[in-house]
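Participant: I would like the atomic coordinates for the input below:
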Amino acid sequence: MRVGLLRTVGAATAVYGVAVTAWPALLARPSGLTDSQGRTAEATRISLRPVAWRDAASGLAMAVAPQGAPLTTATVLRIAADLGDAALLGATLPDRATRAKAVAVSVGWASLSVVGLLARPRR
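Facilitator: Numbering: from 1, shown residues only. Here you go, the predicted structure:
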C-alpha cells in the first residue's frame, strides 16, 4: 500500500468535493450540464451538491484514516464511488465526447486509488 499516494488522492478529492459543493458549476461545466450560455440550472446545482459532499467526505476519510483496514475500507469506498460515477455518467450524460471525458476522469481517479492500494510500500 502506498499510503502517501492514497492520502494525496484523498486530500485532492476532499478539496474538490468542498469546492464543487460551494460552486457546482466546477463540475457542471465540464460535464456539459449547463445551458447554451454556460449557466447551471438551480436543479442541477441542487443535484450536484450531495455528490460533491460525498466526494469531500470520502476523500477526507482517505486522508485521515489510520493505516491498515480503515484506510483500505475508505479507499475501496472511494473506488466504488468513482467507478459508479463512470458507469452512471457514461450512460447518462447527453454528449458523447463529454461522456468519454467523464468516464476517463472517473476511471483515472479510481485507478490512482487502486495503484495506491496494490503497490508495494516504498522503503
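Participant: Now do the strand or helix carrying residue 116, average pLDDT.
Facilitator: According to DSSP states H and E, residue 116 maps onto helix 96-118. Mean per-residue pLDDT for helix 96-118: 96.
Participant: Off-centre distance for it?
Facilitator: 9 Å (C-alpha atoms, centre = their mean, to the nearest Å).
Participant: Touching that helix from outside, list them.
Facilitator: 1-3, 5-6, 9, 13, 30-32, 62, 72, 75-76, 78-79, 82-83, 85-86, 89-90, 93 (C-beta atoms under 8 Å, 6 or more residues apart in numbering). Glycine gets a C-beta too; all of them are placed from N, C-alpha and C.
Participant: 7 Å instead?
Facilitator: The contact list for helix 96-118, computed with C-beta atoms under 7 Å, 6 or more residues apart in numbering, reads 1-2, 5-6, 9, 30-32, 72, 75, 78-79, 82-83, 85-86, 89-90, 93.
Participant: Please apply the same query to stretch 20-34.
Facilitator: If you take C-beta under 7 Å, 6+ apart as the criterion, stretch 20-34 is touched by 19, 38, 40, 44-45, 48-49, 52-53, 56, 89, 93-95, 98, 101-102.
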